[in-house]
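1. coords please:
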Amino acid sequence: MSDAGPATGLDALEARVRDDLRAISYPDGNWVPERRARDGRPVLDVLVIGGGQGGLAIAHALKRARIERVRIVDRAPEGREGPWMTYARMPTLRSPKEVNGPDLDIPSLSFYAWFIAQHGGTRWAALNKIAKEDWAAYLLWLRRVLDIRIENGIAAERIAPVPEGDLIAVELAESGSGGCETVLARKVVIATGIETPGKWWTPPEVAALDREFWAHASEHIDFESLKGRRVAVLGAGASAFDNAATALEAGAASVTVCCRRAELQRVQPFKWLSFPGFLGHFSDLEDSWRWRFMNHLLTLREAFPRETWDRVAKHESFELLTGAPWLACNTSDGHIAIETPKKKLEADFLIVGTGFDIDLAALPELSEIAAKAALWRDRFRPPADEENSRLGRYPYLDPTFAFQEREPGTAAWLRHVRLFTFGATLSFGPSGSSINAMKFAVPRLVSGIVRDLFSEDVEQHWESLKAYDLPEFLLPGEDGTAAPQRAVIGRTS
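-> Have a look, this model is predicted:
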């Protein structure tokens, strides 16, 4: 990439975007036949649940595939989709600044183009990593320039099959107003990033305490209230350390990070896998290889970047204890006593950064899916030295991210529901909650939807073909004018 050139402004970039989209618009026109339920209600072609970067990229790809009867909903207010302006407590993305994802390989839609248009090449060359606020603003710009409508403040409460017909019913609830509706869709995509399907995990020793003493790193935390207080953080990942840094920067008297590992994970294996072969074709591997790779990667977990370490290490009031799981936590006189194998600690507040546990049944809206969907433990038995009960709980998805039946013939409707979240990781590697894999994963998912919609309507397309009678040109006389006198072949004067 060239780092030269002044800022040209968003108006000029948006004109370029319009030209680029016009240049790749072929073929144009909605080709999916309209569907109505037996009671006459309209049916969506696709409902996308989640309007963050994943849902936005999927909506972009559906639009390019000329699938128009689409709704995108998100429970968060506009601008607060995803983690960027809520519980993401790092100043920058952890990905390199060159990463591209929701642009789907259209250069004028890339973050690079968006940043250069406003700040110029010199600023780009000096940029280390993308500020999370800039990434959130970029996503809002994409939403506007691509004319993608996302309905905010609307949550999916239940996903279930329609008893008659090949449709999915989704109950949608509007936050605040109490209003609700049930929509029908041919295809549903769950694109809620890290947050589905499962739950943020908290050790029972902490969960038993009164909530005034602790918070999970995924929750809202009033860091200003921690000024002058002693904070203990549990976890060895980037999120745990980002929360520790935020507490230190807010003026906490001390912050102690405890992790069960004997050493910090300092090697970032996810940098190794960022190449087209892995990102584009991991899901094509045999189950044994997919399990082996992800068992290794997810057991190692992600290392946090140097910038995160620098944020905490510069504070004299920061302490790190490795090999120090919390064995017991008890409150007394407004404080928490923590027992670890290394030593006993005392804190005023706890932050839990222990990650995410896959559990389809943990979310009420997925209860009917959880009852019928295949998990990895239902399809694959690993060798004894690779057993991992946590991995076994991941859903076993088909090649286009769709759920599959646990028992054949019991839930054919699951093939109409696709999962584009962290829950797709074992089947696809980094995908549903990863920026750098998005350019590979989204086309695969949307291609599956296009294939299904076409094949399910094949009889209508056949009848449409037979009825198609638009001539390429008119013969003389067919345009309403008098037909000219025809020459007689072979006639001589």
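
2. Do you have the strands of the stretch 201-350 of the chain handy? List them.
-> In the stretch 201-350 of the chain, the strands defined using DSSP state E, counting those that start in this stretch lie at 214-216, 230-234, 254-258, 318-321, 328-332, 335-339, 344-347, 349-352.

3. With respect to Pro399, which of those strands lies nearest?
-> Closest approach to Pro399 among the strands of the stretch 201-350 of the chain (C-beta to C-beta): strand 214-216, 34.3 Å. Every C-beta, even on glycine, is put in place using the N, C-alpha and C of the backbone.

4. Can you give me the buried ones in that closest one?
-> Trp214, Ala215, His216 (16 or more other C-beta atoms under 10 Å).

5. want to try CSV for the residues you listed, with pLDDT and distance to Ala374 as columns?
-> Formatted as CSV, those follow (pLDDT from 0 to 100; distance: C-beta to C-beta, whole Å):
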residue, pLDDT, distance to Ala374
Trp214, 97, 36
Ala215, 96, 35
His216, 96, 29
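
6. what about Thr182, which helix or strand?
-> strand 180-193 (DSSP states H and E).

7. residues in contact with the residue nearest to Ala208 when sequence neighbours are not counted?
-> In this structure, Ala208 finds its nearest non-sequential neighbour in Cys329, 7.7 Å apart by C-beta to C-beta, 6 or more residues apart in numbering. Taking C-beta atoms under 8 Å, 6 or more residues apart in numbering, we find Cys329 in contact with Glu205, Val206, Ala208, Leu209, Ile336, Ala337, Ile338, Glu339, Leu350.

8. How much space separates Cys329 from Ile338?
-> For Cys329, the distance to Ile338 (C-beta to C-beta, to the nearest Å) stands at 5 Å.

9. shared neighbours of these two, anything?
-> Contact criterion C-beta under 8 Å, 6+ apart; residues shared by Cys329 and Ile338: Leu350.

10. Check which helices and strands the helix or strand encompassing Ala15 is in contact with.
-> Under the criterion of DSSP H and E, Ala15 resides in helix 10-23. When contacts are defined as 3 or more C-beta pairs under 8 Å, 6 or more residues apart in numbering; DSSP states H and E, helix 10-23 packs onto helix 111-126, helix 132-145.

11. Redo those helices as TSV? Include mean pLDDT.
-> Formatted as TSV, the helices and strands packed on helix 10-23 follow (pLDDT from 0 to 100):
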stretch	mean pLDDT
helix 111-126	96
helix 132-145	97
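
12. And those helices: which comes nearest Ala232?
-> Using C-beta to C-beta, the nearest of these to Ala232 is helix 132-145, at 25.4 Å.

13. Run the chain-centre distance for the closest one.
-> 15 Å (C-alpha atoms, centre = their mean, to the nearest Å).

14. list the buried ones in the helix or strand just after that helix?
-> Once helix 132-145 ends, the next helix or strand along the chain (criterion: DSSP H and E) is strand 150-152. Judged by neighbour count using 16+ other C-beta under 10 Å, the buried positions of strand 150-152 are Ile150, Asn152.

15. again, but for stretch 249-256
-> Ala250, Ala252, Ser254, Val255, Thr256.

16. Can you list the low-confidence ranges for the stretch 351-493 of the chain?
-> Counting by pLDDT under 70, the stretch 351-493 of the chain contains low-confidence ranges at 480-493.
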